[in-house]
Structures are given as C-alpha cells and as structure tokens.
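Q: Got a sequence here, can you model it:
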Amino acid sequence: MTANDLQTLTARVIELVREVGEYVRGERERVQASEIEIKGQGDYVSRVDRESEDRLRTGLTAMLPGSTFMGEEDSPDARGGDWRWIVDPIDGTANYLAGLPTWSISVALEDRRENPDFFGPLTLGVVAEPALNVIYDAWRGGGARKNGDPIHVSADRPLEHGIVATAFPFRRRQKLEDYLKLFTEIYPLVSDFRRIGSAAADLCWVADGTFDGYFEMGLKPWDVAAGALIIEEAGGKISDWWGKPVCETGWTVTGNAHAYDTLRAIIDKHNFTRPEILFH
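A: Here you go, the predicted model:
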C-alpha cells in the first residue's frame with residue numbers, strides 16, 4: 001500500500017469515525033441502566049459500545065475487502081487476514097456514561113502480510129474525542145495530526161517541569177502494590193500526574209505535547225494500537241515495559257525521548273515479570 005493509498009484510506013477512516021462519534025455522542029443521554037453490562041469492577045459496556053463497534057466493523061471492512069476486525073466488545077480474538085483493523089468503539093466507557101468528555105474512538109490498521117500469526121506493523125491510526133471535537137490521525141511515514149494540523153511530542157525538558165499521565169490498574173487491582181511503588185518513585189521527579197480515564201486520549205495527548213510521558217499496566221491492543229502509531233509519527237517513543245512492541249502486552253510506557261528513557265529506567269529497576277502474550 002503506497003503512501004498515497006494510506007493517506008486516502010486514512011481520510012475515509014476519519015469520516016467514518018466522525019460519523020460514528022456523532023452517533024455515540026447523541027446517544028449518551030438515552031442510555032438506560034438496563035443497557036449497561038458490568039464486565040468487572042469499574043469496567044462497563046453499553047449497547048452504544050456494541051452498536052458503535054458494529055458500525056465501525058461494517059464501514060472499515062467495506063473499505064478494505066478481505067480485512068479482518070479485532071474489536072474490544074465482540075471480536076477480541078480475531079486472527080488472520082493480510083490486514084486487520086484494531087478497534088476500541090468507546091475507550092473510556094465509564095467517563096462516557098458519567099458525562100465526562102474524555103472518551104475516545106480508536107481505530108488502527110495493522111499489516112499482517114509478513115507474519116500473519118502475530119502482530120505486524122501499524123500502518124494508520126485514527127483517534128477521535130467526539131465530545132471535544134478533536135480527531136487525531138497518522139499513517140506510516142506521513143507524520144501525525146490533530147484536526148489536520150501537524151503535531152509533535154513535547155521538547156526534551158526535565159521531567160520536573162513536565163506532566164506525566166498514568167492510570168490505576170483497575171482491571172488488575174492485585175497489581176496495585178506494584179503500581180504504587182512506581183508511582184512513589186516517579187512522582188517526586190515530575191511537575192504533576194494526570195489520570196484521564198481513556199488510554200487512547202492519554203496517548204494522543206503525549207503525541208501533541210500536552211503530556212511529556214505516560215505509563216500504564218495491562219492495556220489491550222485496541223487501547224493502544226492507534227495511539228502508538230500517532231506517537232511514533234509525532235516523534236515520540238513507545239514500547240511495552242520490556243522494550244518490545246506495545247501491542248504484545250499492553251504494559252505501556254511512552255513519551256518524548258527524555259521522558260521515555262527516564263520512565264523505562266525506573267521501570268527496569270523493578271524487574272517486573274513480562275506477562276504471557278494473550279493477543280496476536
């Protein structure tokens with residue numbers, strides 16, 4: 001797929017995501033308690049998540065016939081195909097249901113032709129924050145943008161003057177003690193922390209320089225795939241905590257070069273055990 005092909009396809013994805021985002025935003029006040037499923041403590045899915053994912057699946061697979069679709073709600077284990085869409089229909093459902101504006105729609109396209117049994121290169125990423133009227137996008141080799149304007153990660157300033165984003169391990173509450181060790185060590189080094197509630201938004205806010213760095217435990221491919229490419233194309237660094245591709249484990253560390261290196265050095269000292277790779 002040429003750069004022109006990726007640019008054209010990204011534009012089409014942006015339009016689809018914008019349409020789906022308008023639907024999701026318009027449905028928020030209509031969601032009933034009976035339409036919300038509790039997947040775990042603090043982890044929700046609503047009928048709007050599922051409808052959003054269905055609309056994205058239909059539109060995206062039509063754009064690229066033969067592509068497969070990995071979506072958080074209904075197809076998290078999707079395999080195969082030369083090309084695979086990796087999608088979170090609403091990242092930050094708890095925020096969405098509470099009326100907070102920081103929720104996102106995340107879409108990435110993965111090239112699986114070289115290694116169809118495992119993660120391949122990410123070729124485009126689109127993240128929309130519909131309640132904030134913002135769309136981020138990137139394609140491989142084409143830079144990153146926010147509402148069409150080029151973006152770049154923050155300058156390599158001392159972390160004492162920067163902001164680092166994070167999130168508590170709400171899906172892995174047994175890991176809270178490990179997380180607090182990192183928090184306690186990193187907090188004195190930074191100007192402040194922020195917890196937004198949408199990993200896709202966190203990643204994009206690193207890409208546009210709002211945050212200097214970000215780390216989190218145990219995310220999923222659909223949380224990070226689009227944002228990872230956007231960060232790379234904005235000049236940032238991103239990996240899992242062991243320096244491997246972030247989609248493999250979802251244990252995410254990212255930032256401008258200085259913030260990334262500093263956070264990785266602290267994480268490395270703790271000798272965390274890399275989890276089994278569940279998605280590929």
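
Q: pLDDT below threshold where in the stretch 101-250 of the chain?
A: By pLDDT under 70, the weakly predicted segments of the stretch 101-250 of the chain are 169-175.

Q: For it, which segments count as strands?
A: 104-111, 122-129, 134-139, 144-146, 149-150, 163-165, 192-194, 213-216, 237-240 (DSSP state E, counting those that start in this stretch).

Q: Quick one: closest of these to residue 92.
A: Closest approach to residue 92 among the strands of the stretch 101-250 of the chain (CB to CB): strand 104-111, 6.0 Å. For every residue, glycine as well, the C-beta is placed using N, CA and C.

Q: starting at the chain centroid, how far to that closest one?
A: Offset of strand 104-111 from its chain centre (CA atoms, centre = their mean, to the nearest Å): 8 Å.

Q: what's the burial count for residue 184?
A: Using other CB atoms under 10 Å, residue 184 has 9 other residues around it.

Q: quick one: residue 225 and residue 245 touch, right?
A: No - the pair residue 225 / residue 245 is not scored as a contact, 10.0 Å apart, by CB atoms under 8 Å.

Q: re the thing from before, now the strands of the stretch 101-250 of the chain as CSV including mean neighbour count and distance to residue 71?
A: Listed next are those as CSV, based on neighbours: other CB atoms under 10 Å; distance: least, CB to CB, whole Å:
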stretch, mean neighbour count, distance to residue 71
strand 104-111, 28, 10
strand 122-129, 27, 15
strand 134-139, 26, 19
strand 144-146, 22, 23
strand 149-150, 10, 29
strand 163-165, 23, 25
strand 192-194, 12, 28
strand 213-216, 26, 21
strand 237-240, 20, 22
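
Q: Just put these in JSON lines and tack on distance to residue 252.
A: Converted to JSON lines, the strands of the stretch 101-250 of the chain look like this (distance: least, CB to CB, whole Å):
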{"stretch": "strand 104-111", "distance to residue 252": "13"}
{"stretch": "strand 122-129", "distance to residue 252": "14"}
{"stretch": "strand 134-139", "distance to residue 252": "17"}
{"stretch": "strand 144-146", "distance to residue 252": "17"}
{"stretch": "strand 149-150", "distance to residue 252": "24"}
{"stretch": "strand 163-165", "distance to residue 252": "10"}
{"stretch": "strand 192-194", "distance to residue 252": "15"}
{"stretch": "strand 213-216", "distance to residue 252": "5"}
{"stretch": "strand 237-240", "distance to residue 252": "7"}
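
Q: Can you say which of the ones you listed is nearest to residue 22?
A: Nearest of these to residue 22, taken as CB to CB: strand 122-129 at 9.8 Å.

Q: List the pairing partners of the closest one within its sheet, with orientation.
A: Strand 122-129 has its sheet partners listed here by DSSP bridges as strand 104-111 (antiparallel), strand 134-139 (antiparallel).

Q: Mind checking those strands for the one nearest to residue 160?
A: Counting by CB to CB, residue 160 lies closest to strand 134-139 out of the strands paired with strand 122-129; the figure is 27.5 Å.

Q: With residue 59 as the reference, measure out to the residue lying closest to residue 53 once chain neighbours are set aside.
A: What sits nearest to residue 53 in space, not counting adjacent residues and going by CB to CB, 6 or more residues apart in numbering, is residue 89, at 3.9 Å. Counting by CB to CB, to the nearest Å, the separation of residue 89 from residue 59 is 12 Å.

Q: Settle it for me: which of the two has more neighbours?
A: When neighbours are counted by other CB under 10 Å, residue 89 and residue 59 differ, and residue 89 comes out ahead with 28 against 18.

Q: So that one is in contact with residue 47, correct?
A: No - counting by CB under 8 Å, residue 89 stays clear of residue 47, with 11.1 Å between them.
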